[in-house]
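# Need coordinates for the following:
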Amino acid sequence: MTEIGAFERTSAAVWERPERAILAYRAVVAALVAGVAETLGRAAIALDASDVRVSGIVVGLLVRAAIYAAVFTLAARMLTGSRWARLILVIGLGTVGLASLVVEPIGAILSAHSFGDLLTGWTPNTVLLGLFRAAHVLAVLVFLPAALTTGRPSHR
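Just a heads-up that it's a prediction; the model follows:
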C-alpha cells in the first residue's frame, strides 16, 4: 500500500481517510462556527451603540470573512490529504489564532483586583459571547493534537 498525504491507498480506486484527519477537520469547522457566531454577536452589539461607525464594522466583518474562508479552504485541502494545508493550519491556529482567543480573557484575569471583579458586569450578551469563545478555544485545542498525531490510519 502507498501513502499520499494523510490518506492510505487500500485499493486501486479507494483512499481511506484516517479518523484523525476527520476529527481535525470537524474541529476546524466547529471553531469556525463558534468564531462566526461570536463575530456576528459582537457586530450586533456594536451596531446597537449610539456612536457606531458602520463602515468600521463592515470592514472588520469583511476581514474576518476572508480569514474564515481561507481557514475553511485550508481545512478542506487538509481533509483531502494536503500536508502543507495541515501545516499552515497548525501553525496559524496553534499560534496567532489561539493567542488572539485567549489574550483578552487572560488580560481581564490579570487586571482584576479580586476574584469578585471577574464576576461583575456580566450580561446575557457577555455570557453568550464567552460561551462562543470557549467553544472556539476548545475546538482549536481538539484540532491541534488531531492534526499533529502521526502514524498510519487504523484498519478495521
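# Residue nearest the middle of this protein, spatially speaking?
Ala31 (3.3 Å; Cα atoms, centre = their mean).
# Hmm, that residue is touching Phe143, no?
Yes. Assessed by Cβ atoms under 8 Å, Ala31 is found in contact with Phe143 at 6.6 Å. The way it works is simple: take the backbone N, C-alpha and C, and place the C-beta from them, glycine included.
# Now for these two: what residues contact both?
Between them, Ala31 and Phe143 share these contacting residues under Cβ atoms under 8 Å, 6 or more residues apart in numbering: Leu93.
# hang on, the earlier thing: now do the same contact list for the residue nearest to the centre of the chain.
Ala31 touches Val71, Leu93, His136, Ala139, Val140, Phe143, counting by Cβ under 8 Å, 6+ apart.
# which element follows the lengthiest helix in the chain toward the C-terminus?
Counting residues, the longest helix found in the chain (DSSP state H) is helix 19-47. Following helix 19-47 in sequence order, the next helix or strand is helix 54-79 (DSSP states H and E).
# that older thread, if you rank the contacts of Ala31 by neighbours, which is first?
The residue in the contacts of Ala31 with the most neighbours, by other Cβ atoms under 10 Å, is Phe143 (27 neighbours).
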